[in-house]
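*Asks:* Could you work out the structure for the sequence below:
(one chain, ligands or ions: 1)
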Amino acid sequence: MLESRKLSVYWQISGFLQTTANVVGSGRNEAMERVLVTGGAGFLGSHLCDRLLAEGYRVTAMDNLITGTTENIAHNCKNPNFDFVKYDVTQYLYLEGKVDYVFHFASPASPIDYLQLPIQTLKVGSLGTHKTLGLAFSCGSKYLLASTSEVYGDPLIHPQSENYWGNVNPIGPRGVYDEAKRFAEALTMAYHRFHGVDTKIVRIFNTYGPRMRLYDGRVVPTFIRQALKGEPLTVYGDGSQTRSFCFVSDLIDGIYRLAVSDLHDPVNIGNPVEMTVLQFAELILKITGSKSEIIFEPLPKDDPKQRRPDISFAKDKLRWEPKVPVEEGLRMTIEYFRGRI
Ligand code: UDP
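*Replies:* As a prediction, this is how the structure comes out:
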């Protein structure tokens, strides 16, 4: 049985390990709504925790720290309305006390992470979704699933709207992520339709910003790191494949609006400004002022050739659209990485 009050939690802050027997601060207000964020120490999960705290919720972040890091949440450790539980959500899940909302954000999410952690990726998308939905059902909580544009696979329809069913290779190297998320969506809709759980599903398109890992292998941190270090930028294939990049604060705003909405169908959240990977490499060189060269490397298997969200549904139902221009978001992200190189 898992009790956040009694758990020993290890906070790894500034390189030393601190053990605390009781992570629940005495000054917190029990009347506030309480949310659970799985993957709460990850890139998106930690930004979501910040937003939810700012909106006046009590937040329990849960993470097994295989790709997340307590560095991302260290700034909240003295907040009486925040606590952290190091736990693997694919295991039996129980939290003492009320839970008003469950946000399931735990998953390896960069292609090299899920290639290195294929079983964990499948388990957290399937078993982890089952456990968190079960918790939401038993607690009467609302539930929001972090899904992905990867459910569209290598899309044959462009831009991608929510009613497109996708073009996914189930047995390819990316299948462990894509199919786990597709299963997670199916399970979430089943809990909604069969058990009446108030569920939401966000399909997250490429997102970037501070707290991405410098070596997570995704194109944004990789190109920025290479540009800042004066190393060649490694464009895969001929760089003609496209992506559309959303700044993290915009994404979190869209997710928050969805969370408090009465929608149940999946909603695309992303920035529709599309560019080729080669154009993106040139943009990073321009903004950083780097003299790095661009080199070409083999395209990974099943790498989607095009990706751009159709956000008409989010615009219409959530009154949401991204506000941060790509250059401005990249400048903030580059500043963050500069401090870490
Ligand atoms: N990419 C690249 N060089 C890199 C890393 C990625 O050209 O060093 C490409 C990758 O092949 C893909 C795009 O950038 O076409 C975005 O890759 P990322 O891993 O960020 O996420 P994806 O959208 O593929 O999940």
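
*Asks:* And for residue 299, nearest residue in space, chain neighbours not counted?
*Replies:* Once flanking residues are discounted, residue 299 sits nearest to residue 237: 3.3 Å by CB to CB, 6 or more residues apart in numbering. Any C-beta I mention is one placed from the backbone N, CA and C, and that applies to glycine too.

*Asks:* list the contacts for the one you found?
*Replies:* In this structure, residue 237 makes contact with 277, 296, 298, 299, 303, judged by CB atoms under 8 Å, 6 or more residues apart in numbering.

*Asks:* do you know how far residue 241 is from the ligand?
*Replies:* 4 Å (CB to the nearest ligand atom, to the nearest Å).

*Asks:* which residues are in contact with the helix or strand encompassing residue 282?
*Replies:* Using DSSP states H and E, residue 282 sits within helix 277-288. Here helix 277-288 makes contact (CB under 8 Å, 6+ apart) with 219, 223-224, 227-228, 233, 235-243, 245, 275, 290, 292, 294, 326-327, 330-331, 334.

*Asks:* Quick one: buried ones out of these?
*Replies:* With burial judged by 16 or more other CB atoms under 10 Å, the buried subset of the contacts of helix 277-288 is 219, 223-224, 227-228, 233, 235, 239, 241-243, 245, 275, 290, 292, 294, 326, 330, 334.

*Asks:* Next to the ligand, which bits of the stretch 201-341 of the chain? Give me the list.
*Replies:* By CB under 6 Å from any ligand atom, the residues of the stretch 201-341 of the chain that approach the ligand are 206, 218, 219, 222, 234, 235, 236, 241, 243, 277, 300, 303.

*Asks:* any idea which of those residues is closest to residue 317?
*Replies:* Taking CB to CB as the measure, residue 317 lies nearest residue 206 of these, at 22.0 Å.

*Asks:* who's in contact with the residue of the stretch 51-200 of the chain found nearest the ligand?
*Replies:* Ranked by CB to the nearest ligand atom, the top residue of the stretch 51-200 of the chain for proximity to the ligand is residue 111, at 4.6 Å. Taking CB under 8 Å, 6+ apart, we find residue 111 in contact with 173, 174, 177, 217, 218, 300.

*Asks:* picking up where we left off before, looking at the contacts of residue 237, which one is closest to residue 130?
*Replies:* Nearest to residue 130 among those, with distances taken as CB to CB, is residue 303, at 29.8 Å.

*Asks:* Is that closest one in contact with residue 243, as I believe?
*Replies:* No - in this structure, residue 303 is not within contact of residue 243 by CB atoms under 8 Å, at 10.3 Å.

*Asks:* any weak-confidence spans in the stretch 1-150 of the chain?
*Replies:* Within the stretch 1-150 of the chain, the stretches with pLDDT under 70 are 1-28.

*Asks:* Could you pull out the helices in it for me?
*Replies:* Listed in chain order, the helices of the stretch 1-150 of the chain (DSSP state H, counting those that start in this stretch) span 43-54, 111-116, 118-139.

*Asks:* Which secondary structure elements does the last one sit against?
*Replies:* Here helix 118-139 is seen to pack against strand 34-38, strand 101-104, strand 142-148, helix 175-195 when contacts are counted using 3 or more CB pairs under 8 Å, 6 or more residues apart in numbering; DSSP states H and E.

*Asks:* how far away is the residue nearest the centre of the chain from residue 328?
*Replies:* In the chain, the centroid-proximal residue (CA atoms, centre = their mean) is residue 44; its distance is 4.1 Å. According to CB to CB, to the nearest Å, residue 44 stands 19 Å off from residue 328.

*Asks:* coming back round to it: would CSV of the helices of the stretch 1-150 of the chain with distance to residue 250 be doable?
*Replies:* Shown next, in CSV, are these (distance: least, CB to CB, whole Å):
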stretch, distance to residue 250
helix 43-54, 11
helix 111-116, 23
helix 118-139, 24
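
*Asks:* Could you report the neighbour count for residue 136?
*Replies:* 25 (other CB atoms under 10 Å).

*Asks:* Nearest spatial neighbour of it, chain-adjacent residues omitted?
*Replies:* Nearest one to residue 136, counting by CB to CB, 6+ apart, is residue 143 at 4.1 Å.
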